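1. Kindly generate the corresponding structure for this input.
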Amino acid sequence: MTHHEHGAEELCTAGRTLYERALREGSIGAEAAAQAPCLTALGLLHPALEDLSRLEPLAPAAVLNRFLRASRARIAEERRRTDRLTELFERLLRADGPAGAPGDAPTLRLLSGTERINGAIGEAMAGATGEVRCVQPNAHYHDERGRIAQARAMDRDQALLSRGGRIRTLYQHTQRHLPLTFARYEQLRGHAEARTLDELPDRQIIIDRTVAFVPAGDDQRLALEVRHPALLAFFVTAFDRLWRLATPMYPQAVQRPSLGGVTPRQRAIAALLVEGHTDAVIAERLGMNIRTARVHIAKLAATLGSDSRAQLGYLIARSGILGRER
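-> Below is the predicted model:
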């Protein structure tokens, strides 16, 4: 039978059967392993030191960690690519260049100051008629400035919805339990949807596929107004991919299932724990305070029967919770 190439996530029946047999027996003969060459190609089997005619299995926990590291590395590289693009074009905007033709609109513009940023967003929203895509990581409106900004955004959003437009927003999962988040959508009238993910990129507002606003600094006082078609296509594609992975929150919320007594939030924390992040970094990445993060880590350790931080990482990998889809 012809053996087709595949990835570890699509392990063939023959490969899975032989790998399970190797785990039970400790090793299998090279002739038997020839039925599933994917096992050696993927590194699930390797020659035994004592007898090169036999193949020993690599521990499932080690295999899982290796593939998860590769997956996370690809995601991290995409994030670094986005950061490099932003840094590159911010430098170019600061450099003097030849003036464009009369009437040409700049494809990139650096905005400085909260009022100027909000004004530019308001102008773009006033002329919008199609769809607005928003990424709002860890959005809170506790102070007076935040409440004023929220009220302005509500007015802009409702005006677009009244014109027949559509709004889709991505939040972090921690926002699902904030009354203000739901109150915002209950007040809006029109086609507005929201979904959530554990981690999100920086804040983005993409309007009608014609303009996007992204941060250009860490202090929220610099933003880049993007009108370049290639960059807009990149932002829209990235948003739509994240949207398909996200969990619906509004208008109809979907509850993410627990697996083996481990909640979805604890699985997100587990993924960052095996990467070696501190409690503070985990809390920041997932949009929660450090005390809440530590409570979830303690519950995760209790569920998996861990007595130490080092053992917890091993038990997370062995449990297989990071390799399961929602």
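2. Thought I206 was touching R133, still the case?
-> Yes: with contacts defined as CB atoms under 8 Å, R133 counts as touching I206 at a distance of 4.2 Å. Quick note: C-beta positions are derived from backbone N, CA and C, even for glycine.
3. Spatially nearest residue to A268, not counting backbone neighbours?
-> Nearest residue to A268 in three dimensions, chain neighbours excluded: D198, at 3.8 Å (CB to CB, 6 or more residues apart in numbering).
4. same deal with N289?
-> A283 (6.0 Å).
5. can you list residues touching both of R133 and I206?
-> Contact with both R133 and I206 is made by residues 235-236, 239, according to CB atoms under 8 Å, 6 or more residues apart in numbering.
6. where do the strands sit along the protein?
-> Taking DSSP state E as the criterion, the chain carries its strands at 28-29, 45-47, 54-57, 108-112, 131-136, 166-172, 191-197, 204-207, 211-215, 222-226, 247-250.
7. ok, and the helix or strand in the chain with the lowest average confidence?
-> helix 179-187 (a mean of 66; mean pLDDT, DSSP states H and E).
8. just to revisit the earlier point, tell me the one of the shared contacts of R133 and I206 nearest L273?
-> F239 (28.0 Å; CB to CB).
9. can you pull the contacts of the residue nearest to the closest one when sequence neighbours are not counted?
-> Excluding its sequence neighbours, the residue lying closest to F239 (CB to CB, 6+ apart) is R133, at 4.7 Å. For R133, the contact set (CB under 8 Å, 6+ apart) comprises 168-169, 204-206, 235-236, 239, 243.
10. with those residues in mind, which one is nearest to C12?
-> The closest of the contacts of R133, once distances to C12 are taken by CB to CB, is W243, at 31.7 Å.
11. tell me, how many neighbours does the closest one end up with?
-> If you count neighbours by other CB atoms under 10 Å, W243 ends up with 17.
12. again, but for L315
-> Using other CB under 10 Å, L315 has 20 neighbouring residues.
13. low-scoring pLDDT stretches of this structure, where are they?
-> 1-9, 91, 93-105, 138-151, 177-183, 253, 255-260, 323-326 (pLDDT under 70).
14. at 50 what do you get?
-> Residues of the chain meeting the criterion pLDDT under 50: 99-103, 142-143, 324-326.
15. Got the domain ranges for it?
-> According to automatic domain parsing, the chain comprises the domains 8-58, 102-250, 264-323.
16. so can I have a markdown table of the ones you listed showing distance to A70?
-> Shown next, in a markdown table, are the domains of the chain (distance: least, CB to CB, whole Å):
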| stretch | distance to A70 |
| --- | --- |
| domain 8-58 | 10 |
| domain 102-250 | 18 |
| domain 264-323 | 13 |
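17. Out of those domains, the one nearest L88 is which?
-> The closest of those to L88 is domain 102-250. By CB to CB, the value is 10.3 Å.
18. returning to what we had before: quick one: buried ones out of the shared contacts of R133 and I206?
-> Those of the shared contacts of R133 and I206 that meet the buried threshold are 235, 239, by 16 or more other CB atoms under 10 Å.
19. what's near enough to touch the closest residue to Q187 other than its chain neighbours?
-> Excluding the flanking residues, the one nearest Q187 by CB to CB, 6+ apart is M154, at 6.6 Å. Applying CB under 8 Å, 6+ apart to M154 gives the contacts 184, 187-188.
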